[in-house]
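A.B. asks: Below are the sequence and a predicted model; questions follow.
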Amino acid sequence: MSQSREGWVIKVPLLEVHNLVKYFPLRKGLLGRIVGYVKAVDGVSFSISENETFSLVGESGSGKTTIARCVLGLLKPTSGRIVFMGKDIFKLSKEEIRWYRRNVQAVFQNPFLSLNPRMKVEDIVAEPLKVHYKDMSKEEIRRRVYDLLEKVGLTADLAKRSPYDLSGGQAQRVAIARAVILKPKLIVLDEPTSALDVSVQAQILNLLVDLKNELKLSYLMISHDLSVVRYISDWVAVMYLGKIVELAPAEELFEKPLHPYTQALLSSVPEPDPRAMRAKKRIVLRGEPPSAVNPPAGCRLHPRCPYASEECKKEEPKLVEYERGHWVACHLYTHK
Amino acid sequence: MALEDFKIILSLIKQNPVSLTGLVIVAGFIVVGVLAPYILPYPEDAWGEVYHLEKRFLPPSLEHPFGTDDMGRDVFSRVLLGARFSLIIAVGVVGLALLIGVPMGLIAGYLGGRVGTILMRITDMFLAFPPLLLAIALAATLGRGLVNTIIALAISWWPWYARLVYVQVNSIKSLPYVDAAKIIGLSPLAIMFKHVLPNALTPVTVQAALDMGSAILEAAGLSFLGVGVKPPTPEWGLLVTEGWSSINVAWWISLFPGLAILVTVLGFNLLADALREASDPRLRRILLISGRV
């Protein structure tokens, strides 16, 4: 769903994630006996519509990157389904896998690690075309690559360079060019700006917004940087220890956070105005996030939550729609 | 390696007199090795087919710069032709070992799991023997001869490349650019050869250059021990052995082939050092920025 001028309209979901679970076995000893599981993702559902940005936020270890890797088909989930344009992505035929690869691309955190240092910029950007359009002429590939490089704000003289000769911002533009050259429908952005200088971050974000509008892209954004998320997202899901604790349209979430964890996260964002910063109510969680091997029973936040009650220790709160489009998993809101 | 890499390596070598010495030695060795049959002062002496009993044990002179041996043959000619055999051995051993070791390490490292474990345990079996001992045993079993020497050395050598590539591939395969290649839709084979292997080869190139020297040294060792190349082939190790018995009366017979081995191995080692420096992409970037290339 998405809010438009005409009110609420139902959009066809592009990507649906149903009850996704990913456990990593913990092995020990010579024989690799399984002694436990890291419950990286533990029952996560959401959907992304066309031309929409959906963000997953949370601390490191909350499972957001695992979800991204499952969506990209790099990891096979323990259970649950990921459906893209009506098709389960883990039950695709060979031809359908190629179709999925054309339509779902990614931009990673560190461009110097996500670009092959032995390849030239133009070859990196051309590679997806060469894989998917074997009949395309060299001139056509070259034309498309150079057009795109210009579009993402790179000059043609950089095309013959190696990624190591570029700045961080330039290299990330190359990675973005590689991700959009096939005109995909969905791009997974895994912390696309957090390895960059602050001055460059804004340029990259603006580029991503421009490309989204021009190419009708959808983004699945993974981030822990709340100001970035607020700027770019239509929807935001907050994750804690492998579960979504709150899901809402971006503005709504930032204006009216419901879950104590979201409130704590937001209250930790620095304000540019010192007076506003002082006036801000700080919600501080006790202690450190527990390990995902043995998450606490009941609500996973209860050992750290200032509002925790007896109920929170015993019963796990379900993700419920508290207000229209605003979902929260917390006992404070289950008994209205 | 691309043309650009060569330019960078060359410019680096030019800046460093030690590396330059290495390059000059190796280049000289290769030129002599290729041209040897055409520049020999005494071709029949070099191939060892003739005797000149009247010219035995002549000390170095203008006519015979390295003297003559116990059969009156010109040592200089024999050392020159020896370069050719050493070149064949160096290229043969390292080439063959790379041909077995690199794919082994690449497949084991990239696939991992059970296949990887089995391949690497096989590798470990070979690594369990000291390489020279294994080579001696193999050479003794296969019999003397140039080709058998190359085979024996290559068999004792490839596991080191397999290990080296395996370790490299293991760390490279989890890098984001390999994930990116998967996401683009590249096949595993294309990923292995286009994205993983080129980035895993840097230490292998350096090791291979170093090993060219070691292969010459070990082949000489095998010949010296009597399990290598057959006489009267003028292989350097064999030349050293031949002079061994008469070292008290004619030091030059063993000294000059020995020096040839020393200088060539040194040259390869110096060159390998230069390659190691030049193949670091970070260093490349520094060079580009500072405008030294």
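C.D. replies: Arrived safely.
A.B. asks: who's in contact with residue 252?
C.D. replies: Looking at chain A here, since you left the chain open. Contact partners of residue A:252, counting by Cβ atoms under 8 Å, 6 or more residues apart in numbering or on different chains, are A:325-326. Every C-beta, even on glycine, is put in place using the N, C-alpha and C of the backbone.
A.B. asks: try chain B instead
C.D. replies: Residue B:252 touches B:59-60, B:66-67, B:75, B:243, counting by Cβ under 8 Å, 6+ apart.
A.B. asks: Just the buried residues out of these, in PyMOL syntax.
C.D. replies: In PyMOL syntax, the buried subset of the contacts of residue B:252 is picked out as below (16 or more other Cβ atoms under 10 Å in any protein chain shown):
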select buried, chain B and resi 60+66+67+75+243
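A.B. asks: Show me which of the contacts of residue B:252 is closest to chain A.
C.D. replies: residue B:66 (45.6 Å; Cβ to the nearest Cβ).
A.B. asks: Which single residue of the stretch 51-200 of chain B ends up nearest chain A?
C.D. replies: The stretch 51-200 of chain B approaches chain A most closely through residue B:185 (3.4 Å), counting by Cβ to the nearest Cβ.
A.B. asks: Burial check on the closest residue to that residue other than its chain neighbours, number of neighbours?
C.D. replies: Excluding the flanking residues, the one nearest residue B:185 by Cβ to Cβ, 6 or more residues apart in numbering or on different chains is residue A:101, at 3.4 Å. When neighbours are defined as other Cβ atoms under 10 Å in any protein chain shown, residue A:101 has 22 of them.
A.B. asks: so which helix or strand takes in residue A:101?
C.D. replies: Secondary-structure assignment from DSSP states H and E places residue A:101 in helix A:94-103.
A.B. asks: and what of residue B:200?
C.D. replies: Here residue B:200 is assigned to helix B:197-225, by DSSP H and E.
A.B. asks: for that helix, packing partners?
C.D. replies: On a contact count with 3 or more Cβ pairs under 8 Å, 6 or more residues apart in numbering or on different chains; DSSP states H and E, helix B:197-225 meets helix B:75-111, helix B:131-142, helix B:146-172, helix B:236-244, helix B:252-278.
A.B. asks: what about the first one, average pLDDT?
C.D. replies: In this case it means helix B:75-111. If you average the pLDDT over helix B:75-111, you get 94.
A.B. asks: just to revisit the earlier point, buried set for the helix holding residue A:101?
C.D. replies: Within helix A:94-103, the residues scored as buried using 16+ other Cβ under 10 Å are A:99-103.
A.B. asks: relative to its centroid, which residue of chain B is most remote?
C.D. replies: The outermost residue of chain B, judged against the average C-alpha position, is residue B:183 (39.4 Å), by Cα atoms, centre = their mean.
A.B. asks: I'd say that residue and residue A:72 touch.
C.D. replies: Yes: counting by Cβ atoms under 8 Å, residue B:183 does reach residue A:72; the two are 5.6 Å apart.
A.B. asks: Which positions in the stretch 101-250 of chain A make contact with chain B?
C.D. replies: A:101-102, A:104-106, A:108-110, A:113-118, A:127-128, A:131-132, A:162, A:164-165, A:175, A:178 (Cβ under 8 Å from any Cβ of the partner chain).
A.B. asks: in chain A, which spans are helices?
C.D. replies: Here chain A has its helices, by DSSP state H, at A:64-71, A:94-103, A:111-114, A:121-132, A:138-151, A:168-180, A:198-215, A:226-232, A:250-255, A:260-267, A:274-279, A:310-314.
A.B. asks: Can you give the contact residues for the shortest one?
C.D. replies: Defining contact as Cβ under 8 Å, 6+ apart, one finds that helix A:111-114 is touched by A:107-108, A:163-164, A:168, A:171-172, A:174-175, A:195, B:175-177, B:179-180.
A.B. asks: Any stretches of the chain with poor pLDDT?
C.D. replies: Looking at chain A here, since you left the chain open. Scanning chain A for pLDDT under 70 picks out A:1-11, A:335-336.
A.B. asks: Correction: the question concerned chain B.
C.D. replies: Counting by pLDDT under 70, chain B contains low-confidence ranges at B:1-5, B:280-293.
A.B. asks: list the contacts for the residue nearest the centre of it?
C.D. replies: In chain B, the residue lying closest to the centroid (Cα atoms, centre = their mean) is residue B:212, at 1.2 Å. Residues near residue B:212 by Cβ under 8 Å, 6+ apart: B:90-91, B:94, B:268.
A.B. asks: again, 6 Å this time
C.D. replies: Contact analysis of residue B:212 by Cβ atoms under 6 Å, 6 or more residues apart in numbering or on different chains lists B:90, B:94, B:268.
A.B. asks: Switch those residues over to TSV; also include neighbour count.
C.D. replies: Below are those laid out as TSV (neighbours: other Cβ atoms under 10 Å in any protein chain shown):
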residue	neighbour count
B:90	28
B:94	26
B:268	24
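A.B. asks: Any chance of JSON lines for these, columns distance to chain A?
C.D. replies: Putting the contacts of residue B:212 into JSON lines (distance: Cβ to the nearest Cβ, whole Å) gives the following:
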{"residue": "B:90", "distance to chain A": "27"}
{"residue": "B:94", "distance to chain A": "22"}
{"residue": "B:268", "distance to chain A": "25"}
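A.B. asks: for the residues you listed, which one is nearest residue A:189?
C.D. replies: Residue A:189 lies nearest to residue B:94 out of these, by Cβ to Cβ, at 45.3 Å.
A.B. asks: from what I can see that closest one touches residue B:211, true?
C.D. replies: Yes: if you go by Cβ atoms under 6 Å, residue B:94 and residue B:211 touch, sitting 5.2 Å apart.
A.B. asks: Mutual contacts of the two, please.
C.D. replies: Contacts common to residue B:94 and residue B:211, judged by Cβ under 6 Å, 6+ apart, are absent.
A.B. asks: can you list contacts of stretch A:191-204?
C.D. replies: Contact with stretch A:191-204 is made by A:107, A:109-110, A:168-169, A:172, A:222-223, A:225, A:228, as judged by Cβ under 6 Å, 6+ apart.
A.B. asks: how about a cut-off of 10 Å?
C.D. replies: By Cβ atoms under 10 Å, 6 or more residues apart in numbering or on different chains, the surrounding residues in contact with stretch A:191-204 are A:64-65, A:68, A:106-114, A:152-153, A:167-173, A:175-176, A:179, A:189, A:205, A:207-208, A:219, A:221-225, A:227-228, A:231-232.
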